[in-house]
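Trainee: below are the sequence and a predicted model; questions follow.
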Amino acid sequence: MAEIERALVKKSFGSHASQYDSLAKVQKKVTDRFIELLANNITPPDSLLDIGAGTGRLLEKISRMFPETDLVGIDLAFEMTKFARNRLKQSKRTALSCSDAENLPFRDGTFDIVVSTSTYQWISPIEEAFAESYRVLKPSGRFCFALFGEKTLFELRDSYLTAAIESDRPSINRTHQFASAEVILSAMTAAGFTGCNVNEEMEIEIHHDVTALLRSLKGIGAGSAAPKGNGGLSGRSAMLRMMDIYREKYGDNDGVRATYHVLYGFGAKL
């Protein structure tokens, strides 16, 4: 399993803030679906925290849905919070902070609801981050999130590992490993949440070719989900073989597909 490097994630997403929204098509779909689920599951809160607020797209939608709610968004990448602050400058009830999900700068019992989309898959161990969300929630508070699960980009991992075996390096795996629904439920329970449930949905992206897919992942700062030369496959021939395998197994006349396994989680604090 490829280790998640916090500094690398921070740098990667921060450096791609300006182009994130134009490339993060699946993440936009997840945000829209999350808003739909949120509207059906909660009443307007007094206060809400968005963890991994990114460019502020989710907060912008929530501010329209709950105009009387005090909103706070945090993100590890300063450039993301800077972009979000400009996006939400007309919202008088929204504040942004460059902060860490594993060490939230808020007192116990501050928020009625904590939300997050497309963030927690970049945090390990996730139990600690969930525990922080639990801590800052008020009693009877709700925790609602969306993250990418274990089947995400399985085509890329399969093609990479097949090429690694062919190159006699089967033990090296530099692809990002996503958690299962069972692991997420267990982490929520360990953090103290009750009434936990996780719903699973699939989103499929079609890219012109494997190069376009890798370019898209890198363009939104998710390069760690793609094969890396350092410690894994190396050399142009090995990478070309991986791309050939991907195209042969998961491509057609429309291009190559990339699967995103989305987990929508809900829990409560007693």
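Mentor: Arrived safely.

Trainee: how many residues are close by Pro44?
Mentor: Neighbour count for Pro44, taken as other CB atoms under 10 Å: 12. Using the backbone N, CA and C atoms, a C-beta is placed for each residue, glycine as well.

Trainee: which residues touch it?
Mentor: Applying CB atoms under 8 Å, 6 or more residues apart in numbering to Pro44 gives the contacts Phe66, Glu68, Thr69.

Trainee: backbone dihedrals for it, both of them.
Mentor: phi -60, psi 120 (degrees, to the nearest 10).

Trainee: pLDDT score for it?
Mentor: At Pro44, the model reports a pLDDT of 96.

Trainee: show me where the protein has helices.
Mentor: 6-15, 17-23, 25-41, 57-65, 78-87, 126-136, 154-166, 181-191, 210-219, 236-250 (DSSP state H).

Trainee: which one of those helices lies nearest to Phe148?
Mentor: For the helices of the chain, proximity to Phe148 was assessed by CB to CB; helix 25-41 is nearest, at 8.4 Å.

Trainee: low pLDDT regions in the chain?
Mentor: Filtered on pLDDT under 70, the chain yields the residue ranges 1-12, 14-16, 169-174, 223-235.

Trainee: select, out of the helices of the chain, the one closest to Thr94.
Mentor: helix 57-65 (6.0 Å).

Trainee: alpha carbons of stretch 185-195, in CSV - could you do that?
Mentor: Presented in CSV, the C-alpha positions along stretch 185-195 are these (Å, rounded to 0.1, in the frame of the first residue of the first chain):
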residue,chain,number,x,y,z
LEU,A,185,-18.2,1.8,9.1
SER,A,186,-15.7,0.4,11.5
ALA,A,187,-13.8,3.7,11.7
MET,A,188,-17.0,5.6,12.3
THR,A,189,-18.0,3.3,15.2
ALA,A,190,-14.5,3.4,16.7
ALA,A,191,-14.8,7.3,16.7
GLY,A,192,-18.0,7.1,18.7
PHE,A,193,-20.7,7.7,16.1
THR,A,194,-24.0,5.9,16.3
GLY,A,195,-26.7,5.1,13.7
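
Trainee: quick one: contacts for Phe34?
Mentor: By CB under 8 Å, 6+ apart, Phe34 lies in contact with Leu58, Val115, Thr117, Cys144, Ala146, Tyr264.

Trainee: give me the number of residues near Ser237?
Mentor: Neighbours of Ser237 using other CB under 10 Å come to 11.

Trainee: my bad, Gln90
Mentor: Gln90 has 8 neighbouring residues, counting by other CB under 10 Å.

Trainee: and it, how far is that from Pro67?
Mentor: Separation of Gln90 from Pro67 (CB to CB, to the nearest Å): 12 Å.

Trainee: what does Gly265 give?
Mentor: On the measure of CB to CB, Gly265 and Pro67 end up 26 Å apart.

Trainee: could you find the closest non-adjacent residue to Ala191?
Mentor: Excluding the flanking residues, the one nearest Ala191 by CB to CB, 6 or more residues apart in numbering is Phe130, at 3.8 Å.

Trainee: look up how far Tyr120 lies from Ala84.
Mentor: According to CB to CB, Ala84 and Tyr120 sit 18 Å apart.

Trainee: ok so, going back, please convert the contacts of Phe34 to a markdown table, extending it with distance to Leu48 and neighbour count.
Mentor: As requested, these are exported to a markdown table (distance: CB to CB, whole Å; neighbours: other CB atoms under 10 Å):
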| residue | distance to Leu48 | neighbour count |
| --- | --- | --- |
| Leu58 | 10 | 28 |
| Val115 | 6 | 28 |
| Thr117 | 13 | 27 |
| Cys144 | 10 | 20 |
| Ala146 | 15 | 26 |
| Tyr264 | 17 | 22 |
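
Trainee: what about the residues you listed, which are in strands?
Mentor: Members of these lying in strands (criterion: DSSP state E): Val115, Thr117, Cys144, Ala146, Tyr264.

Trainee: how about the contacts made by the nearest residue to the fourth one once chain neighbours are set aside?
Mentor: I take that to be Ala146. Spatial nearest neighbour of Ala146, excluding adjacent residues (CB to CB, 6+ apart): Thr117 at 4.5 Å. Counting by CB under 8 Å, 6+ apart, Thr117 touches Gln27, Val30, Thr31, Phe34, Gly52, Leu58, Phe145, Ala146, Leu147.
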